[in-house]
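S.K.: Predicted model and sequence follow; I will ask about them next.
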Amino acid sequence: MIVNEQEHHFLMIEQHEHAKISGQIVRNWKKDFLLRSKLREEADWAVSQHDRAWIPLDKDPIWNEEKNRPYSFIDYPLTEKLEAYQRGIEEAADQSLYAGMLCSMHYQSFFSEDSEDPEIRAFLADEKERQKNLYQAMKRDIPKDIYQLHFERLQFCDDLSLYICMQEPGISKEEEVSWFKNGFRQSFDFAPGGIMPHWVDEKQVSLRPFPLEYSFEVQIPYRMVSKEDIEKKGLKEAYHQTEINHRVVAFVPSD
């Protein structure tokens, strides 16, 4: 769950909805930058499904007593989160071995190889073994640079979707989440220095350089869950009784 706290409400966005926006972004990737192929179709599908691990978790959001707010994807309890990650990777791999590989690489990238946490070390070892098995099962000779390109696209589209979901529309660069202030971390042949996002106004985000075929809009589904309702009914009931609204954001080239 993506959770943005406001004075009287929590704005809550389900992770899988955010991932579907990532999928819309990748489907609009400039054709000049990547040829259409069966492999790209599987990679694009992986982008839209990369957070399906969160579907069951977000249906029943839980309360963080320590922070006095709903748990988000950032601070969700580790054991349950890692178990969900592995279920989500398995579900993706059941539909596409290549998508399973990309999702495994994505989740693996969240953690340091130097971690001393036994749960994290076990997760990383499991995913390393999974990737080896998926590669063998695919029976495809896929160049490493193609793997890396598809992986970087997944992470870029994930970050761009988070950029519009985690922040107030129209926020100034100085007030942005630290992850995004200096632009996105991924580099591409057409953007060796990365891509810089900027809120033009409350409904438009510019990108420099522009990686998409044309400007287009996405709709972000969210629930504005009242803190008073949570106190009276509990988080789960308050969440499910709150109607879904939509915010529209357009991606445009930088001037």
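M.R.: That came in fine, so what should we check first?

S.K.: and the closest residue to Gly193 other than its chain neighbours, what does it touch?
M.R.: The shortest distance from Gly193 to any residue that is not its chain neighbour, by CB to CB, 6 or more residues apart in numbering, is 6.9 Å, and that residue is Ser187. All C-beta atoms are positioned from the backbone trio N, CA, C, and that covers glycine. For Ser187, the residues meeting the contact criterion (CB atoms under 8 Å, 6 or more residues apart in numbering) are 152, 193-194.

S.K.: so how far is Ser104 from the residue lying closest to Gln49 once chain neighbours are set aside?
M.R.: Of all residues beyond its chain neighbours, the one nearest Gln49 is Ala92 (5.5 Å), with distances taken as CB to CB, 6+ apart. With distances defined as CB to CB, to the nearest Å, the gap from Ala92 to Ser104 amounts to 8 Å.

S.K.: repeat for Pro211
M.R.: In terms of CB to CB, Pro211 sits 24 Å off from Ser104.

S.K.: before we move on, the earlier item: which residues are contacting the host helix or strand of the residue nearest to Gln49?
M.R.: Assignment of secondary structure by DSSP states H and E places Ala92 within helix 78-95. Residues from elsewhere that reach helix 78-95, judged by CB under 8 Å, 6+ apart: 45-46, 49-57, 73, 99-101, 103-104, 107, 117, 119-120, 123, 126-127, 130, 134.

S.K.: Can you give me the pLDDT of Asp126?
M.R.: As summarised for this prediction, Asp126 has a pLDDT of 98.

S.K.: can you pull the contacts of it?
M.R.: Listed by CB under 8 Å, 6+ apart, the contact set of Asp126 reads Gln86.

S.K.: Just want the angle from the strand or helix carrying it to helix 78-95.
M.R.: With the criterion set as DSSP H and E, the secondary-structure element containing Asp126 is helix 118-138. Angle, helix 118-138 to helix 78-95, by axes from the mean of the first three to the mean of the last three CA atoms, to 10 degrees: 0 degrees.

S.K.: Helix 118-138: which residues count as buried?
M.R.: Neighbour-count burial for helix 118-138, with 16 or more other CB atoms under 10 Å as criterion, is recorded at 120, 123-124, 126-127, 130-131, 134.

S.K.: which residues sit against the helix or strand just after that helix?
M.R.: Where DSSP H and E defines the elements, the next helix or strand beyond helix 118-138 is helix 144-165. With contact meaning CB under 8 Å, 6+ apart, helix 144-165 is reached by 2, 13, 18-19, 21-23, 25-26, 29, 34, 39-40, 43, 46-47, 50-51, 101-102, 105-106, 109, 177, 179-180, 184-188, 195, 197, 205, 207, 211, 218, 220, 249, 251.

S.K.: try stretch 58-67
M.R.: By CB under 8 Å, 6+ apart, the residues outside stretch 58-67 that reach it are 1, 12, 14-16, 69-71, 75, 230, 235-236, 239.

S.K.: which residue sits closest to Leu154, ignoring its sequence neighbours?
M.R.: Among residues not flanking Leu154 along the chain, Val47 sits closest, at 5.0 Å (CB to CB, 6+ apart).

S.K.: okay, now the residue nearest to Ile195 when sequence neighbours are not counted: neighbour count?
M.R.: Ranked by CB to CB, 6+ apart and with sequence neighbours excluded, the top spatial neighbour of Ile195 is Phe184, at 5.0 Å. With neighbours defined by other CB atoms under 10 Å, the count for Phe184 comes to 22.
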